[in-house]
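>>> Predicted structure and sequence below. I'll ask about it afterward.
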Amino acid sequence: MDLNFTADELAFRAEVRQWVAENLPADLSHKVFNSLRLSRDDMQRWAKILGKKGWLGYGWPKQFGGPGWNAIQKHLFEEECALAGAPRIIPFGPVMVAPVIMAFGNAEQHQRFLPGIASGEVWWSQGYSEPGSGSDLASLKCRAERVATSSGDTFVVNGQKTWTTLGQYGEWIFCLVRTSNEGKPQTGISFLLIDMKSPGITVRPIITLDGEHEVNEVWFDNVVVPAENLIGEENKGWTYAKHLLAHERTNIADVNRAKRELERVKRLAQQEGVYDDGRFRDQIALLEVDVVALEMMVLRVLSAEKSGKQSLDVAGLLKIRGSEIQQRYAELMMLAAGPLAQPFVHEAMEAGWQGDFAGAATVAPLAGTFFNMRKTTIYGGSNEVQRNIVAQTVLGA
Amino acid sequence: MDFEFTDDQVSLRDAVAKWVEKGFDFPRRHALAKAGGHSRAVYTELAELGLTGLAIPEAQGGMGFGAVEAMVVMEELGRGLVNAPYAAAALVVPALLSAAPAAVQSQWLPKIADGSALVVPALQERAARYALNHVTTSAVSGVAGWLLSGQKSVVPGADEADAFIVPARISGGANDSAGIGLFLVAKGAAGSSVTGYPTQDGGRAGELKLANASATLITEDGFALLEQAVDVGIAAVCAEGVGLMDKMVAITVEYMNTRKQFGTNIANFQALRHRIADVKMQQELGRSMSFYASLKLGEPGPQRRRALSQAKVQLGQSMRFVGQQCTQLHGGIGVTDEYVSSHYFKRLTMLEMAFGDTLHHLGEVSARMQDTAGVFA
């Protein structure tokens, strides 16, 4: 047992730290450090900088052009990016669909899709949830019907996806679609890649309680998709989707971001004069313990992955705890602002905006962030679904 | 960075587990507790396993092992619900004696290592709560050597101990960190008396009364050492808590999978399933912070103190939640004396109050807060 990183790991971290310091644009980190609105251009600018370095697909193996880092290196990379205030990597391409394409796609699909993901050129969206299929995802109804044509087989897709994060920017979308109603619901699902410029696709915004346009409905009306866009075998999509979930084990806890935001809680508490209020300060102390405990749990998982000796079945716990902590730090920041958190002004989320009211430049975005963060215990498998999974592991049935 | 145990550490764990399995079943434990919590015989068996020498240097007859080995042993003693003052006598006391004059060390450490002497820390004063700097027991040096006067409370294994390590005030006010000396008081020293009593968790403790009792000086400037030794104790409590929680959760899971109500195992009810998931969360957070506690023991004072307080805050919460919820999940049987889980619950509950409770350590974390946070901050 050793809590210290090895000399190699420390050298790796130093290299990443220096590179990020030299390449992360200051206007982006300013927005991230203050939870200000990031435009599509902001997010893609950083993605392309990483892509050029070969680090956007930071979890990829070497054979697909990735850096081939181990679990610890990936964690250190995420940590350095988070602490430096880099925008989060939009996960849908490099983190979510790419591993599925690598594992289950054919050589032609590798060549066709992976380079655009690795470079950050192509914006991917995720088409999983449907209005009637949230936690019970396997009940999804969006239908893809195989139709033979003179130029080869196609799928004709009809139905609706929802909660599509940043789908307004999407160029491609990976979807779980129903290709069969035979047998169990899970066995009739396929994994399909769809060009969002295809005729028949409509993207409609959903405005969330913070007034922001982050998620969308995506409608499919007789959308024709070439059969060559099917990943793997028809009706095996559920298996592939589960593979994807296995790829987001530790980063779902987002502990590095939590460390950065905890520092911000302290700065805001100082600025707003509650850092020396024992009752408020103890709440920060409690959150600090929570963050350290979560980080230790993440490090245990990484160590187990690195050694390959044992597997720690705590992914569900990481999701539950990580999301609770995200909500808690957002809440404490809002409470630090106190009465000044109340103005609801859309422009307050823009960098450089100076409104004509108290706290406009620094504390006005805090309530919006708090409201936005309510999603974290709902998405990615609600925390109640996660508890079902944890209970199944603990009880063995 | 890795959290794997070495083969030697695994063997050590197995050896303790095997002894528990063969020699320390619940009926024996229960009988000992009912008979007043006397445990010198149990302590001697731990000594025969070599465990009492774990933290003592090889030159003094011990094994010279480190914090991780101590953690492994404490986890297993927790799992086995072993009621002997092992952590106090074999882990905390050697830390307190590490600054003693060579003659004192060679007089006592080999006997502690082989189990022939049970030496316990006598730290608690009536008004101190968890403040280590609150020491009113006085130490006066004269022609007859050092003489101590005062009273120490809830001293582990007091009426079975051969000697006590006692913080006493040489100079300064009741709450000054400076002027606190550490002393060794042998059993039966003139002017000393001991009253023993059983404790809630099936162990034994007592009051040590000192009226010009003769004592041997360990160090005149003992506060930093006292803090360090208490941190060793905190790490031990954390690890014991992990073992206790592991076993209590296992017992509870088994119960949920066999107890039937409404025609089905109670494990099938979602309200209870979510409860056991929350229990698992606290158990794993606790284990994570127990590792952290032991691995941070070698850090410089301020970082070490902060880390150990952070760990105790987590373990305090975890032990309380797991103990209370597993009791609840058992229904009525969980609150009977005859059933094993209530004894785990009682030990978990008492451990929160060992070396500082959750609120105390939360205050410490709050007071020691830095701009940055995290495992490596």
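Now that the structure is in, tell me what you want to look at.

>>> C-alpha from now on. contacts and neighbour counts both.
Will do.

>>> Tell me which other helices or strands the helix or strand bottoming out on mean pLDDT in chain A touches.
Ranked by mean pLDDT, DSSP states H and E, the weakest helix or strand in chain A is helix A:237-246, scoring a mean of 85. The contact analysis (3 or more Cα pairs under 8 Å, 6 or more residues apart in numbering or on different chains; DSSP states H and E) places helix A:237-246 against helix A:98-104, strand A:189-195.

>>> most tightly surrounded among these?
strand A:189-195 (a mean of 25; mean count of other Cα atoms under 10 Å in any protein chain shown).

>>> Spell out which residues of the stretch 201-350 of chain A are next to chain B.
Taking Cα under 8 Å from any Cα of the partner chain as the criterion, the stretch 201-350 of chain A approaches chain B at residues A:259, A:262-263, A:266-267, A:281-282, A:284-286, A:288-297, A:300, A:303-304, A:317.

>>> Quick check: phi and psi on B:A186?
phi -80, psi 150 (degrees, to the nearest 10).

>>> residues in contact with stretch A:307-316?
A:R249, A:T250, A:R300, A:V301, A:A304, A:E305, A:Q386, A:R387, A:I389, A:V390, A:T393 (Cα atoms under 8 Å, 6 or more residues apart in numbering or on different chains).

>>> Now the buried members of the residues you listed.
A:R249, A:T250, A:R300, A:V301, A:A304, A:E305, A:Q386, A:R387, A:I389, A:V390 (16 or more other Cα atoms under 10 Å in any protein chain shown).

>>> how near is B:A174 to A:D41?
Distance of B:A174 to A:D41, computed by Cα to Cα, to the nearest Å: 64 Å.

>>> Looking at the two, which one has more neighbours?
Taking other Cα atoms under 10 Å in any protein chain shown, B:A174 and A:D41 do not tie; B:A174 has more neighbours (16 against 9).

>>> ok, the more buried one - contacts?
B:N133, B:H134, B:V135, B:T136.

>>> redo that, cut-off 10 Å
B:A128, B:N133, B:H134, B:V135, B:T136, B:T137, B:S138, B:I180 (Cα atoms under 10 Å, 6 or more residues apart in numbering or on different chains).

>>> for A:N256, same thing?
Counting by Cα under 10 Å, 6+ apart, A:N256 has contacts A:H75, A:L76, A:E78, A:E79, A:E80, A:C81, A:A82, A:L83, A:L262, A:V291, A:E295, B:G374.

>>> Tell me the residue in the chain that is farthest from the middle.
Answering for chain A, as no chain was given. A:S150 (40.1 Å; Cα atoms, centre = their mean).

>>> think we crossed wires, I meant chain B
B:G263 (43.1 Å).

>>> and it, how far is that from chain A?
17 Å (Cα to the nearest Cα, to the nearest Å).

>>> All the strands of the stretch 1-150 of chain B, in order from the start?
Ranges of strands in the stretch 1-150 of chain B, per DSSP state E, counting those that start in this stretch, are B:119-121, B:138-142, B:145-156.

>>> residues making contact with the first one?
The set of residues that contact strand B:119-121 without belonging to it, under Cα under 10 Å, 6+ apart, is B:85-94, B:96, B:108-109, B:111-112, B:152, B:155-158, B:160-167, B:184-187, B:229-230.

>>> what number of residues lie near B:P110?
The number of residues near B:P110, taken as other Cα under 10 Å, comes to 21.

>>> ok now do it, which residues does it touch?
Shown in contact with B:P110 (Cα under 10 Å, 6+ apart): B:T52, B:G53, B:I56, B:P57, B:E58, B:A59, B:Q60, B:G61, B:G62, B:S116, B:A117.

>>> Same check on B:L217?
By Cα under 10 Å, 6+ apart, the residues touching B:L217 are B:100-101, B:104, B:139, B:141, B:145-147, B:165-166, B:181-185.

>>> And whichever strand or helix holds A:A258, how far out from the chain middle?
Element membership for A:A258 (DSSP states H and E) is helix A:255-271. On the basis of Cα atoms, centre = their mean, to the nearest Å, helix A:255-271 sits 20 Å off its chain's mean C-alpha point.

>>> Sort out which residues of it are buried, please.
Within helix A:255-271, the residues scored as buried using 16+ other Cα under 10 Å are A:255-269.

>>> same check, this time on stretch A:48-62
A:K48, A:I49, A:L50, A:G51, A:G54, A:W55, A:L56, A:G57, A:Y58, A:G59, A:W60.

>>> from these, which single one is nearest chain B?
Among the buried residues of stretch A:48-62, A:G59 lies closest to chain B (Cα to the nearest Cα), at 19.5 Å.

>>> what's the neighbour count on residue 67?
Picked chain A for this. 19.

>>> Wait, chain B was what I had in mind.
20.

>>> could I have the lengthiest strand in chain B exported to CSV, CA atoms only?
Counting by DSSP state E, the longest strand found in chain B is strand B:204-219. Only the C-alpha atoms of strand B:204-219 are listed here, as CSV (Å, rounded to 0.1, in the frame of the first residue of the first chain):
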residue,chain,number,x,y,z
ARG,B,204,-13.5,-3.1,30.6
ALA,B,205,-12.1,0.3,31.8
GLY,B,206,-11.6,2.1,35.0
GLU,B,207,-10.6,5.1,37.0
LEU,B,208,-7.0,5.8,37.9
LYS,B,209,-6.7,8.0,41.0
LEU,B,210,-3.3,9.5,41.8
ALA,B,211,-2.5,11.2,45.1
ASN,B,212,1.3,12.0,45.1
ALA,B,213,1.8,8.7,43.2
SER,B,214,5.3,8.0,42.2
ALA,B,215,6.0,8.0,38.5
THR,B,216,8.8,7.6,36.0
LEU,B,217,9.4,10.4,33.5
ILE,B,218,9.1,9.6,29.8
THR,B,219,9.4,13.2,28.6
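
>>> and after it, which helix or strand comes next?
According to DSSP H and E, the helix or strand after strand B:204-219 is helix B:223-256.

>>> Report the buried residues of that next one.
B:223, B:225-249, B:252-253, B:255-256.

>>> and the residue lying closest to A:P94 once chain neighbours are set aside, what is it in contact with?
Nearest residue to A:P94 in three dimensions, chain neighbours excluded: A:G57, at 5.1 Å (Cα to Cα, 6 or more residues apart in numbering or on different chains). With contacts defined as Cα under 10 Å, 6+ apart, A:G57 is in contact with A:47, A:50-51, A:64-68, A:89, A:91, A:93-95, A:98-99, A:114-115, A:117-120.

>>> change it to 8 Å
So A:G57 contacts A:G51, A:G66, A:P67, A:P94, A:V95, A:I117, A:A118 (Cα under 8 Å, 6+ apart).

>>> where does it land on pLDDT?
Confidence at A:G57, expressed as pLDDT, is 97.

>>> Perfect, that will be all.
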